[in-house]
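A.B. asks: need coordinates for the below:
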Amino acid sequence: MIYDVLNASVTESKLVDLLVLRYGSQVLAQKEIRNAIFLALEPEYQGYIYDGNFLDGRVLSQNERKNLDSQSWGRSRSSTKRLLNLFDLGDECFPPKEEIPPSVENIQPDTILFPYQRRVKDRYVRTLLGGADRLMLHMPTGAGKTRTCIEGLVDCLRAFSDRSGYVVWLAHSEELCEQAVETFKKIWSVRGDESIDVIRLWGKHPSPDFSNGSGFVVASLQRIHAMRLSRKDQTFIQAGQLKSKCRMVVIDEAHKAIAPTYLASIEFISNLDSTKILGLTATPGRGFEEDETKELVEFFHGNKITITDQNGCDVEDPIGYLQEEQYLAKIIRRAVATQVTVDLTEQEKNYVANLLDLPQSVLNRLADDAERNALIVAEIAALVMEGRDSIVFALSVEHAHLVAELLMLRGIEARCVDGSTSSYDRNKHINDYKHGAVRVLVNYGVLTTGFDAPNTNAVLIARPTGSLVLYSQMIGRGIRGKRMGGNLDCKLVDLKDNLIGFPNESMAFSYFDEAWGE
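C.D. replies: Residues are numbered from 1 along each chain as shown. Next up is the predicted model:
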């Protein structure tokens, strides 16, 4: 046929190429081709293929030759293996294995939520898509608030018929902002159904043109506040564009939502009649002040979603429930008496009475107390001797550096991070801590939120506070449990001059539930 078309002869090498082109790696599976090869082989090689014996001068009998030509081709056949071995051919020339798909397969997604997270996510998505305009999502620190919230946001974005607007994630620190960006990118890359813009709006990132686009905007409170106060025409135009297309605002650490600056910033970028507002927090209250807590409840229209059990019932003690399930570590709290007496001035007493927290002047006096600092270092050294990885919350920037330096002088590897630490040094110190090169991380003001180090199994609070929110956040740094890559327990060393007035972390979480109707 080829000769008739081309009117040309076909060489042996071309013939081989044509056979390979037609049959590929299974060229020898064709009986006619194998028999042609057998015919061309020396008799000794025919005998080797037939029974594995290579004998000089051997000639197969007519019956043996007939059996050789009729032998079947298969992976388990010895003659097949000998033929491939003779020509130094690989396994790819064996007949393909018959692969029968399993009758039942269990398909695992690339990312998966824990059952309690999925219940929270499903519930809040149904609530928002069902018409609620405002909603508070309430989960303990360490329970995966950001991940759970963004999984739900992705579900909502995919369900929106109009995707022409923006979802704005509002946070108060760069760490929390970047955490939100990375989490959204990871989840959308798996769950998303179209390309989407992720916009960083904090620090030195420029403000984009919001007039025609859509996507996920992560903004710092400081940036929105600065835009609100700016007198530049371009900034005013950009803010107006964002506000007109803002479909939803997510407020990270939403217990701050009714603080004047926060509230003004939320109103600045949202349309109160059309923008949905979702709050995300571990502590849905502003402090001890009952009126402020009620105001926060009213701001979110009294809608709060928290953790439920397998039956869909709200869990009375979310922290205890998650500890029993080993999602959160159990806290081993030890109060340490400092024997330090501080006489507050009248002005300081008024500050405490009005703000329910200690002024910095008192904290500075505590930081200067040599005996108290020696006690702190001794307690940290004991934690290191126990083999624990510890985060220390200091009284001030200077105090944080002092504690770290005292530890180094005692032969204990420690690092210090604060608001002025460069991003390079901060990331390096935190990575050193996460990977075990450093056992102690001393900080002031930067590790209460947006920080994830599952190896942490000890927290030392050297900073007395009357802020329930701050106290809960400090405890939360070591609360990740075994099932979330953390630990079964976390030792909490709490200096006795701490004025918090709450005996354990569960009360810190459930204190405000009464105001939300639970």
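A.B. asks: so which elements touch the longest helix seen in the chain?
C.D. replies: Using DSSP state H, we find that the single longest helix of the chain is helix 174-191. Contacts defined by 3 or more C-beta pairs under 8 Å, 6 or more residues apart in numbering; DSSP states H and E place helix 174-191 against helix 145-159, strand 166-171, strand 197-201, strand 215-220. Where you see a C-beta, it was placed from the backbone N, CA and C, and this is true even at glycine.
A.B. asks: just the buried residues of that helix, please?
C.D. replies: 174-181, 183-184, 187-188, 191 (16 or more other C-beta atoms under 10 Å).
A.B. asks: identify the residues contacting Leu488.
C.D. replies: Gln326, Ala329, Lys330, Gly481, Lys482 (C-beta atoms under 8 Å, 6 or more residues apart in numbering).
A.B. asks: which of these are buried, as a PyMOL select command?
C.D. replies: Buried residues among the contacts of Leu488 (16+ other C-beta under 10 Å), as a PyMOL selection:
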select buried, resi 329+330+481
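A.B. asks: okay, the buried residues of helix 174-191 in a markdown table with distance to Leu280 and pLDDT next?
C.D. replies: Shown next, in a markdown table, are the buried residues of helix 174-191 (distance: C-beta to C-beta, whole Å; pLDDT from 0 to 100):
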| residue | distance to Leu280 | pLDDT |
| --- | --- | --- |
| Glu174 | 17 | 79 |
| Glu175 | 15 | 73 |
| Leu176 | 10 | 81 |
| Cys177 | 13 | 88 |
| Glu178 | 16 | 86 |
| Gln179 | 12 | 84 |
| Ala180 | 10 | 91 |
| Val181 | 15 | 94 |
| Thr183 | 12 | 91 |
| Phe184 | 13 | 95 |
| Ile187 | 15 | 94 |
| Trp188 | 18 | 95 |
| Arg191 | 19 | 91 |
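A.B. asks: mind checking how far the closest residue to Lys243 other than its chain neighbours is from Glu44?
C.D. replies: For Lys243, ignoring the flanking residues on the chain, the nearest one in space by C-beta to C-beta, 6 or more residues apart in numbering is Ile269 at 5.4 Å. To Glu44, Ile269 is 88 Å away according to C-beta to C-beta, to the nearest Å.
A.B. asks: so for the two, which residue has more residues nearby?
C.D. replies: Neighbours per residue, other C-beta atoms under 10 Å: of Ile269 and Glu44, the larger number sits with Ile269, 22 against 15.
A.B. asks: what's the pLDDT at that one?
C.D. replies: Predicted confidence (pLDDT) for Ile269: 91.
A.B. asks: same deal with the one 3 residues further on?
C.D. replies: pLDDT recorded at Leu272 is 75.
A.B. asks: among the contacts of Leu488, list the two that are farthest apart in space.
C.D. replies: The span of the contacts of Leu488, defined through C-beta to C-beta, is set by Lys330 and Lys482 at 10.1 Å.
A.B. asks: which stretches of this protein form strands?
C.D. replies: Assigned by DSSP state E, the chain shows strands spanning 134-138, 166-171, 197-201, 215-220, 246-252, 276-281, 304-305, 330-336, 390-393, 414-418, 440-444, 458-461, 489-495.
A.B. asks: how close does Asp91 sit to Leu447?
C.D. replies: Using C-beta to C-beta, Asp91 is found at 55 Å from Leu447.
A.B. asks: quick one: contacts for Val459?
C.D. replies: Contacts for Val459 (C-beta under 8 Å, 6+ apart) come out as Ser390, Ile391, Val392, Phe393, Met474, Ile475, Arg477, Gly478, Cys490, Lys491, Leu492, Val493.
A.B. asks: make a markdown table from the residues you listed and add distance to Leu83 and neighbour count to it.
C.D. replies: Formatted as a markdown table, these follow (distance: C-beta to C-beta, whole Å; neighbours: other C-beta atoms under 10 Å):
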| residue | distance to Leu83 | neighbour count |
| --- | --- | --- |
| Ser390 | 68 | 27 |
| Ile391 | 68 | 23 |
| Val392 | 73 | 29 |
| Phe393 | 75 | 23 |
| Met474 | 74 | 24 |
| Ile475 | 72 | 27 |
| Arg477 | 67 | 25 |
| Gly478 | 66 | 29 |
| Cys490 | 66 | 29 |
| Lys491 | 70 | 21 |
| Leu492 | 73 | 20 |
| Val493 | 75 | 21 |
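A.B. asks: between Asp91 and Leu447, which is the more surrounded one?
C.D. replies: Neighbours per residue (other C-beta under 10 Å) separate Asp91 from Leu447, with Leu447 holding more: 24 against 8.
A.B. asks: where in the protein is pLDDT low?
C.D. replies: Low-confidence segments of the chain, defined by pLDDT under 70: 1-10, 284-292, 352-357, 448-451, 466-470, 497-518.
A.B. asks: show me how the record splits it into domains.
C.D. replies: Domain assignment for the chain by automatic domain parsing gives 2-93, 115-315, 326-516.
A.B. asks: adding distance to Glu99, write those domains out as CSV.
C.D. replies: Shown next, in CSV, are those (distance: least, C-beta to C-beta, whole Å):
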stretch, distance to Glu99
domain 2-93, 13
domain 115-315, 27
domain 326-516, 36
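A.B. asks: the nearest residue to Ser420 once chain neighbours are set aside: neighbour count?
C.D. replies: Excluding the flanking residues, the one nearest Ser420 by C-beta to C-beta, 6+ apart is Val397, at 6.9 Å. Val397 has 17 neighbours, counted by other C-beta under 10 Å.
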